[in-house]
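> next one to model:
(one chain, ligands or ions: 1)
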Amino acid sequence: MAYKMITPPENGEKITIVDGELKFPDNPIIPVIEGDGIGRDIMKAARRVLDASVEKSYGGKKKIVWFDVFAGESANDKYGEWLPQDTIDAIRDYIVAIKGPLTTPVGGGFRSLNVTLRQVLDLYACVRPVKFYKGTPSPVKRPEKMDIVIFRENTEDVYAGIEYRGTTAEADKVREFLVNEMGANIRENSGIGIKPISAFGSKRLVVKGIQYAIDRGRKSVTLVHKGNIMKYTEGAFRDWGYEVAKEKFGGVTITEDELWEKYDGKQPEGKIVVKDRIADSMFQQILTRTDEYEVVCTPNLNGDYISDAAAAQVGGLGMAAGANIGDYIALFEATHGTAPKYADKDVINPSSVILSGVMMLQYMGWEEAATMIENAIEKTIQNKTVTYDLERQMQGATKVGTSQYATHIIDNMK
Ligand code: NAP
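Predicted coordinates:
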């Protein structure tokens, strides 16, 4: 692939797809978008931590070869555009990439650069692991019970952007069709939004969630929906989820009903229980029965809410990792924004992007390096050497800057 303004490094290799399987070389080239605002500080810190863990885990046998690509303000400076084709092509070509937060340009026709990246690369699953690292300040009594991974559908639902402003000719036209042709009852001048949820979109998301549960030895997959009210969208998501679980993974999954009817509530070894919960009840469940949930699959809007609610139980967005994943391509990212007031001040918590890097290592099967970082972060927090956001919620903690915090993590690697 010829790029206009970037040159791939020569000392690394491409991740490839062979017979439908991802193949990871020992020196994969990984495109990295540093990001705007605090992106500059956190991505520098993250690269140091990731490099150190890979070096310490594999003694030089493996190495990430970083390939700087551009989006956001840095792209606008270099290319005069916010999301250059070079960047999209590089992520597509190299398959696994990581990014910092990006400013959403005002005007210019973008809903947001993140949304655009997800759409053009068809990254249909937003994956958010939410787990507790000992010592992290939390508003709940037993935060250690939280260890879930949320698979949020990324391309459909009310996020599809099909909306008509009330009192416009478009909204009137849609309303008239629904009232006159379909017998709906809608007040005049209403704004109207459309919520498309397809079998295709639902099933491929649930397949990803179940496959993840299989790969990582998780015991249950919960379909979270509001199907009691929205029967043909959210309810259909649930039905399609159960359907695909049976069609594709019938040998390894059982439903919650089967668990009780056939197995008297005792989960058989090697089987994953597929269950469903209504979204509002799920918000209670993650507080009251936290450890009964492991993998969650849910449509877009529910996923948006539940991801942040769950993250709040274990330390908030500064500690929350995320990725947007398609059939092969995976873009790992910080879940927070560019926090411009802290830009270049070397104060912000880099854990979110570092933990996204942990997800990236796991995606590549580099488990030793991933676990080494998780343990080192936990140790650093337990030692109470933390950035300002955690320090202000902890007693007797020492406040350190972004780069110092990264150094502590590296020093705590064993
Ligand atoms: P934000 O950048 O996430 O920052 C809001 C507040 O959250 C910060 O002031 C800070 O709170 C806290 N925070 C965020 N990241 C943190 C970290 N790593 N460590 C500790 N605290 C952290 O949200 P915003 O101010 O609404 O958005 C700013 C820009 O970011 C906008 O242009 C927005 O479009 C963009 N954005 C990008 C992404 C993305 O690229 N994925 C996501 C969201 C927003 P305190 O001041 O209380 O410490």
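
> list the buried residues for the lowest-mean-pLDDT helix or strand in the chain?
The weakest-scoring helix or strand in the chain, judged by mean pLDDT, DSSP states H and E, is helix 113-120 (a mean of 90). Neighbour counts using 16 or more other C-beta atoms under 10 Å place L113, N114, V115, T116, L117, R118 of helix 113-120 among the buried residues. (Glycine included, C-beta is placed from N, CA and C.)

> stretch 389-409 now?
389-391, 397, 399-402, 405-409.

> L50 - nearest residue in space that isn't next to it in sequence?
G357 (4.7 Å; C-beta to C-beta, 6 or more residues apart in numbering).

> am I right that that neighbour is in contact with D51?
No - when contacts are counted by C-beta atoms under 8 Å, G357 is not listed as touching D51 (10.0 Å).

> who are the packing partners of the helix or strand encompassing E247?
In this assignment (DSSP states H and E), E247 forms part of helix 234-249. Applying 3 or more C-beta pairs under 8 Å, 6 or more residues apart in numbering; DSSP states H and E, one finds that helix 234-249 contacts helix 199-215, strand 220-225, strand 253-255, strand 272-278.

> at 6 Å instead, please
helix 199-215, strand 220-225 (3 or more C-beta pairs under 6 Å, 6 or more residues apart in numbering; DSSP states H and E).

> ok, back up a step: can you tell me which of the buried residues of helix 113-120 lies closest to the ligand?
N114 (4.8 Å; C-beta to the nearest ligand atom).

> leaving out chain neighbours, which residue sits closest to that closest one?
L102 (6.4 Å).

> list the residues that contact the one you found.
Residues counted as contacts of L102 (C-beta atoms under 6 Å, 6 or more residues apart in numbering) are G35, D36, A71, G72, L113.

> so which of the residues you listed is the most crowded?
A71 (29 neighbours; other C-beta atoms under 10 Å).

> how would you label it: helix, strand or coil?
coil (DSSP: H, G, I helix; E, B strand; the rest coil).

> hmm, I33 and it touching each other?
Yes - using C-beta atoms under 6 Å, A71 is in contact with I33, at 4.8 Å.

> so the very next helix or strand once past the least confident helix or strand of the chain versus helix 199-215, what angle?
Once the chain leaves helix 113-120, the next helix or strand it forms, by DSSP H and E, is strand 125-131. Interaxial angle of strand 125-131 relative to helix 199-215 (axes from the mean of the first three to the mean of the last three C-alpha atoms, to 10 degrees): 40 degrees.

> could you name the helices and strands sitting against strand 125-131?
Short answer (3+ C-beta pairs under 6 Å, 6+ apart): strand 125-131 packs on strand 147-153, helix 300-313, strand 321-325.

> looking at these, which is closest to the ligand?
strand 321-325 (8.1 Å).

> on that earlier part again, next, format the buried residues of stretch 389-409 as a markdown table and append pLDDT and distance to K62.
Listed next are the buried residues of stretch 389-409 as a markdown table, based on pLDDT from 0 to 100; distance: C-beta to C-beta, whole Å:
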| residue | pLDDT | distance to K62 |
| --- | --- | --- |
| D389 | 93 | 32 |
| L390 | 93 | 31 |
| E391 | 94 | 34 |
| A397 | 96 | 34 |
| K399 | 97 | 34 |
| V400 | 98 | 29 |
| G401 | 98 | 29 |
| T402 | 98 | 26 |
| Y405 | 98 | 25 |
| A406 | 98 | 20 |
| T407 | 98 | 22 |
| H408 | 98 | 24 |
| I409 | 98 | 19 |
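
> now the two most distant members of those residues.
Greatest spacing in the buried residues of stretch 389-409, by C-beta to C-beta: D389 and T407 (18.0 Å).

> so A52, which of the three states?
helix.

> and it, what does it touch?
By C-beta under 6 Å, 6+ apart, the neighbours of A52 are I410.

> the same query, at a cut-off of 8 Å, please.
I410, M413 (C-beta atoms under 8 Å, 6 or more residues apart in numbering).

> point out where the stretch 151-300 of the chain drops to low pLDDT.
The model of the stretch 151-300 of the chain has no residue with pLDDT under 70.

> so what's the residue count around the residue in it that the ligand sits nearest to?
In the stretch 151-300 of the chain, the residue that lies nearest the ligand is N154 (12.8 Å; C-beta to the nearest ligand atom). Using other C-beta under 10 Å, N154 has 24 neighbouring residues.

> buried residues, stretch 60-68. List them.
So, applying 16+ other C-beta under 10 Å, buried residues of stretch 60-68: K62, I64, V65, W66, F67.

> in strands only, show me these.
V65, W66, F67 (DSSP state E).

> surely the second one is in contact with P9?
Yes - with contacts counted by C-beta under 8 Å, W66 reaches P9, the gap being 7.4 Å.

> pull up the overlap in contacts between these two.
In contact with both W66 and P9: I29, using C-beta under 8 Å, 6+ apart.

> sorry, back to before: let's see the least confident helix or strand of the chain as CSV, backbone CA atoms only.
Taking C-alpha atoms only, helix 113-120 is exported to CSV below (Å, rounded to 0.1, in the frame of the first residue of the first chain):
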residue,chain,number,x,y,z
LEU,A,113,-13.7,11.2,14.3
ASN,A,114,-14.3,8.1,16.5
VAL,A,115,-17.7,7.4,15.0
THR,A,116,-16.3,7.9,11.5
LEU,A,117,-13.4,5.5,12.2
ARG,A,118,-15.9,2.9,13.6
GLN,A,119,-18.1,3.2,10.5
VAL,A,120,-15.5,3.2,7.8
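
> one step back: so which of the helices and strands packed on helix 234-249 is the most packed in?
Most buried of the helices and strands packed on helix 234-249, by mean neighbour count (mean count of other C-beta atoms under 10 Å): strand 220-225, with a mean of 26.

> show me what from the chain comes close to the ligand.
Residues of the chain lying close to the ligand (C-beta under 6 Å from any ligand atom) are 101-104, 114, 317-318, 333, 336-339, 348-349, 352, 389.

> this completes my enquiry, with thanks.
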